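S.K.: below: sequence and its predicted model.
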Amino acid sequence: MARPMATPAWTHRTAVVFIPPAEVWPPIQAIRRAHDRQVQRWMPHVTLLYPFAPRYELPKLLPALEAACAALSPFEATLASFHVFQHRSDRSTLWLAPEPREAFARVQAALQAAAPDYAHTSRFSGGFTPHLSVGQSGGAEQVAALQARLSETWTPLVFQATEICLIAREGNGPFEVVRTLRFGAEHPPG
């Protein structure tokens with residue numbers, strides 16, 4: 001008789017994310033400082049795998065994640081428009097849409113294939129939605145007004161997407177990058 005497989009451990013203290021280059025952070029962070037209650041916990045990012053493996057499991061997962069990233073190519077990305085997730089009638093999240101959506105979806109799918117036990121970000125009815133959260137708001141009217149106001153003055157940010165990051169946090173501290181994996185990079189075995 002076959003033994004049941006163990007359920008993999010996961011935690012909200014690690015994640016695999018795409019972090020835009022630091023030179024495009026100022027306008028994002030200006031919005032986040034005013035509207036995002038998580039600005040001190042997270043850097044600007046697009047979540048790819050979260051929750052993720054505990055830190056002690058990361059060394060086992062690195063070879064597959066490195067291979068997935070090595071098979072990907074860098075691409076030009078843009079943060080051009082604001083969108084909304086309406087969670088309840090009184091709670092919503094405002095986010096920037098990373099484009100091209102398909103390129104971010106390819107990155108997420110490759111990473112999920114490399115670490116299939118951590119598919120939480122694609123389990124929504126619409127599948128994976130790449131997004132960079134910039135704030136939380138109340139009801140639909142309130143967030144629509146905020147979205148319209150920010151859209152009037154927003155200048156699209158264009159940059160190269162060349163890598164993903166494994167991030168982690170200790171206690172109530174902020175997330176920090178613990179490993180960067182470049183697209184198209186050759187990694188030594190082991």
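M.R.: Arrived safely, thanks for sending.

S.K.: how about the residue nearest the centre of the chain, secondary structure?
M.R.: Taking C-alpha atoms, centre = their mean, the centroid of the chain lies closest to residue 47, which sits 1.5 Å from it. When classified by DSSP: H, G, I helix; E, B strand; the rest coil, residue 47 comes out as strand.

S.K.: how about the contacts made by it?
M.R.: 15, 17, 121, 131 (C-beta atoms under 8 Å, 6 or more residues apart in numbering). Quick note: C-beta positions are derived from backbone N, CA and C, even for glycine.

S.K.: mind listing what the host helix or strand of the first one pairs with, with the direction of each?
M.R.: Element membership of residue 15 [criterion: DSSP states H and E] is strand 14-18. Strand 14-18 has the following strand partners under DSSP bridges: strand 46-49 (antiparallel), strand 163-168 (antiparallel).

S.K.: got the buried residues for the next helix or strand along the chain from it?
M.R.: Remark: after strand 14-18, the chain's next helix or strand is helix 25-35, criterion DSSP H and E. Taking 16 or more other C-beta atoms under 10 Å as the neighbour-count basis, helix 25-35 is seen to contain the buried residues 27, 28, 31, 32, 35.

S.K.: tell me the mean pLDDT for helix 25-35?
M.R.: The pLDDT scores in helix 25-35 average 98.

S.K.: then stretch 180-189?
M.R.: 77.

S.K.: same thing with stretch 75-91?
M.R.: Per-residue scores along stretch 75-91 average to 91.

S.K.: how about residues contacting it?
M.R.: 20, 24, 28, 92-100, 103-104, 131-132, 134, 136-140, 143-144, 147, 150-151, 154, 156-161.

S.K.: now, those residues that are in strands?
M.R.: Judged by DSSP state E, strands contain the following of those: 92-99, 132, 134, 136-137, 157-161.

S.K.: can you get me a residue count around the closest residue to residue 131 other than its chain neighbours?
M.R.: Leaving aside its sequence neighbours, residue 131 sits nearest to residue 95 (C-beta to C-beta, 6 or more residues apart in numbering; 4.0 Å). Applying other C-beta atoms under 10 Å, we find 21 residues neighbouring residue 95.
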